[in-house]
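Engineer: Give the three-dimensional model of this entry:
(one chain, ligands or ions: 2)
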Amino acid sequence: MFIGAIADDLTGATDLSLTLSREGMRVLQVVGVPTPDLDIGDAEAVVVSMKSRTNPAAEAVCMSLAAAEVLRGWGARQFLFKYCSTFDSTDQGNIGPVADALMTFLGTDRTIACPAFPTNGRTVYRGHLFVGDRLLSESSMKDHPLTPMRDADLVRVLGRQSGNRVSLIGRETVAAGDAALKSAFDRLSGIAIVDAIDDADLRAIGRAARDLPLITGGSGIALGLPANFLPQGRAASETALPVPDGRAVFLAGSCSAATRQQIARAIADGVPALKLDAIAIAENRVSVAEAVSFCLGAAGELPPLVWSSAEPAEVQRAQDRLGRDRAGAVVEAFLSDLAEALAGRGFNRFVIAGGETSGAVVTRLGVPALEIGPEIDPGVPWTRSRGGAAPLALALKSGNFGAEEFFLKAWRLLP
Ligand SMILES: Nc1ncnc2c1ncn2[C@@H]1O[C@H](COP(=O)(O)OP(=O)(O)O)[C@@H](O)[C@H]1O
Ligand SMILES: O=C(O)[C@@H](O)C(=O)COP(=O)(O)O
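Structural biologist: Numbers count the residues shown, from 1 in each chain. Ligands and ions are numbered 1, 2, ... in the order given. Below is the predicted model of the structure:
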C-alpha cells in the first residue's frame, strides 16, 4: 500500500479515489474509520471517507488520527489529507487542527496545503483561491449552509485555524522546475499554501512532494502522486460496475448553486420531483412514508427526484428557526430514512447530491466500502458498494460539481 488518504467527506473521497484510479492506482475507498482487520486486497491506495468536515474540531482530529493509525498499520508510505477544493471550513477548523494533528502523529514539521482543482475551476494564485473567475469569497461558497467561505486568502484562513506557521510557496517557485520546488519543500517549516493554476503545476507539486510524509489538499493534489510509486506507463482502467436490475432514485440535499441548476434542468427534462422543506420536516408536517409513496408511484420512465435544496434566503429562514446544525441534520436524517426505505423496496441505484448528504445516506445504507467506476463528470464517478448487503450503484456528487444535465446523464451511463 502506497498512499493512505483521509478525506473529510464522502463525495470528496470519491473525487480523490477517481483521481488516483485514473492515474493508474488500484484504489479502495472505505466508509468511516475502518477496523485493522478489513481485507484491503491488492489496493495500492486506500481512501478513508469520513464525515468530519463540520464536526467539532476535537472530534474531527480524533477520527482522522484513528484513520491514520489504521492506514499506518497497513503500511501506507505517504499520507494525504483531502478536504474540499473550496477549502470548506470555519475559523474553528477543521483543516488546520486535523493537519496539525496528523503532522504530530507522523513526526513531521512540514506539509503543504493546495486545494486547486483546475478542471473544476478551482485555482490558487498568490495564496488566493479562485472559483472560476471569482475569488472564493465572491463565489456562491459565501452562502454555503454549513461552511460559508468569506475570505479567499488561504494563508490568512489557515493561519486562523492552525498552530503551525502558515506561509506561501508562490507560482514562480512552482514554475521554476522540480529542483527549485523540491528545495522549497525541503526548507519548509510549518504549512505552506502552494499556488497551482493548472494540472502541470499540480503534477510538478506531486513530483516535488515525493518525500513529504503528509500532503494536504483537494483531489487535484493527487494528480502527480501515483507516478512517484508506480511503474512508468501503468494505464488507468475504467471498469463499468454492474449491479442487478433495480430502480433508481435521485436525492439532493446540496444547496450549492450547481446542484440547484441541475435540479431545475432535471425537472424541465420531465423528472418527477418532490420538494422538501426543512422546517416542515422538523415540524413533522411531511413524512418519510409520503416520500416513499411518491417514489414508488413515480411510474414513468425517468427516476424520481426528492430534493431539499434551497436558495440562500430559504436556507437562512430554516437556520433562523431551527439552528444551523439542526436544519442540516433534519434534512440529512429524512433523506437517509427515505433511502433506507427505498433500498428495502427494490431501489439499488442512488444518485445523491451533496457531501454531507451522501455521507449520511451511505452510512445509513450500511455501505462499508466502495469500488470506483467510470467518471460521470470531473470529480464524480459511479461507484459500487463492496461488502454489506446487496450491491448498490452509487453516484455521490459534490455539491458544486457536474454539468447541468448531471442527474439524467449519470442515470443513462449505468450499465
Ligand atoms: N432547505 C434546507 N435548509 C437548510 N439546510 C438544508 C436544506 N437542504 C439541505 N440542507 C443541508 O445543507 C447541507 C448541505 O451540505 P452538503 O450535503 O455537503 O452539500 P454540498 O455538497 O453542496 O456542500 C446538508 O447538511 C443539508 O442537510
Ligand atoms: O474538492 C471538492 O470540491 C470535492 O471533492 C468536495 O470535497 C466537495 O464537497 P461537497 O461540495 O460538500 O460535496
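Engineer: Distance of Ala67 relative to ligand 1?
Structural biologist: 19 Å (CB to the nearest ligand atom, to the nearest Å). Any C-beta I mention is one placed from the backbone N, CA and C, and that applies to glycine too.
Engineer: buried sites along stretch 407-415?
Structural biologist: Going by neighbour count (16 or more other CB atoms under 10 Å), the buried part of stretch 407-415 is Phe407, Leu408, Lys409, Ala410, Trp411, Leu414.
Engineer: just those that are near ligand 2?
Structural biologist: Filtering the buried residues of stretch 407-415 for proximity to ligand 2 by CB under 6 Å from any ligand atom leaves nothing.
Engineer: Now, those residues that are in helices?
Structural biologist: Counting by DSSP state H, the buried residues of stretch 407-415 place Phe407, Leu408, Lys409, Ala410, Trp411 in helices.
Engineer: Surely the second one touches Leu302?
Structural biologist: Right, Leu408. Yes - assessed by CB atoms under 8 Å, Leu408 is found in contact with Leu302 at 7.1 Å.
Engineer: Any buried residues in stretch 269-278, and which?
Structural biologist: Val271, Pro272, Ala273, Leu274, Leu276, Asp277, Ala278.
Engineer: restrict these to contacts with ligand 2.
Structural biologist: Okay, of those, nothing touches ligand 2 (CB under 6 Å from any ligand atom).
Engineer: ok, so of those, who is nearest Pro97?
Structural biologist: Ranked by distance to Pro97 (CB to CB), the buried residues of stretch 269-278 are led by Ala278 at 28.7 Å.
Engineer: Now do the phi/psi pair for that closest one.
Structural biologist: phi -60, psi -40 (degrees, to the nearest 10).
Engineer: and if you look at the one 5 residues further on?
Structural biologist: When quoted as degrees, to the nearest 10, the phi and psi of Glu283 stand at phi -90, psi 10.
Engineer: Up against ligand 2, what does this protein have?
Structural biologist: Within the chain, the positions near ligand 2 by CB under 6 Å from any ligand atom are 9, 11-12, 15, 84-86, 117, 218-219, 256, 354-355, 379, 398-400.
Engineer: Is ligand 1 within reach of the top helix by length along the chain?
Structural biologist: Assignment by DSSP H gives helix 324-343 as the longest helix of the chain. Yes - contact between helix 324-343 and ligand 1 is present through Ala327, Gly328, Val331, Glu332 (criterion: CB under 6 Å from any ligand atom).
Engineer: now for that helix, which elements pack on it?
Structural biologist: Judged by 3 or more CB pairs under 8 Å, 6 or more residues apart in numbering; DSSP states H and E, helix 324-343 is in contact with strand 247-252, helix 278-282, helix 288-297, helix 312-322, strand 347-353, helix 355-364.
Engineer: For ligand 2, see how far away the residue lying closest to Gly93 once chain neighbours are set aside is.
Structural biologist: Spatially, and ignoring its direct neighbours in sequence, Gly93 is nearest to Ala57 (3.5 Å; CB to CB, 6 or more residues apart in numbering). Going from Ala57 to ligand 2 by CB to the nearest ligand atom gives 18 Å.
Engineer: ok so, going back, can you lay out the buried residues of stretch 407-415 as a markdown table showing pLDDT and distance to Gln78?
Structural biologist: A markdown table is the format used below for the buried residues of stretch 407-415 (pLDDT from 0 to 100; distance: CB to CB, whole Å):
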| residue | pLDDT | distance to Gln78 |
| --- | --- | --- |
| Phe407 | 98 | 36 |
| Leu408 | 98 | 39 |
| Lys409 | 98 | 34 |
| Ala410 | 97 | 32 |
| Trp411 | 97 | 37 |
| Leu414 | 88 | 34 |
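Engineer: which one of those is nearest Asn94?
Structural biologist: Minimum distance to Asn94 across the buried residues of stretch 407-415 is 29.3 Å, recorded for Ala410 (CB to CB).
Engineer: from memory that closest one sits against Ala393, does it?
Structural biologist: No - if you go by CB under 8 Å, Ala410 and Ala393 don't touch, sitting 9.6 Å apart.
Engineer: where do the contact lists of the two overlap?
Structural biologist: Trp382 (CB atoms under 8 Å, 6 or more residues apart in numbering).
Engineer: and the residue of the chain found nearest ligand 1, what is it in contact with?
Structural biologist: In the chain, the residue that lies nearest ligand 1 is Gly399 (1.9 Å; CB to the nearest ligand atom). Counting by CB under 8 Å, 6+ apart, Gly399 touches Thr11, Ser254, Cys255, Ser256, Ala258, Thr259, Ala353, Gly354, Gly355.
Engineer: how about a cut-off of 7 Å?
Structural biologist: Each residue near Gly399 by CB atoms under 7 Å, 6 or more residues apart in numbering is listed here: Ser254, Ser256, Ala258, Thr259, Ala353, Gly354, Gly355.
Engineer: Produce a PyMOL select command limited to the buried residues of these.
Structural biologist: Remark: buried members of the contacts of Gly399, expressed as a PyMOL selection using 16+ other CB under 10 Å:
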select buried, resi 254+256+258+259+353+354+355
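Engineer: ok, so of the contacts of Gly399, who is nearest ligand 2?
Structural biologist: Gly355 (2.7 Å).
Engineer: Let me know whether that closest one touches Asp8 as I believe.
Structural biologist: No - using CB atoms under 7 Å, Gly355 makes no contact with Asp8, being 8.7 Å away.
Engineer: Before I go, just wanted to say thanks for your time.
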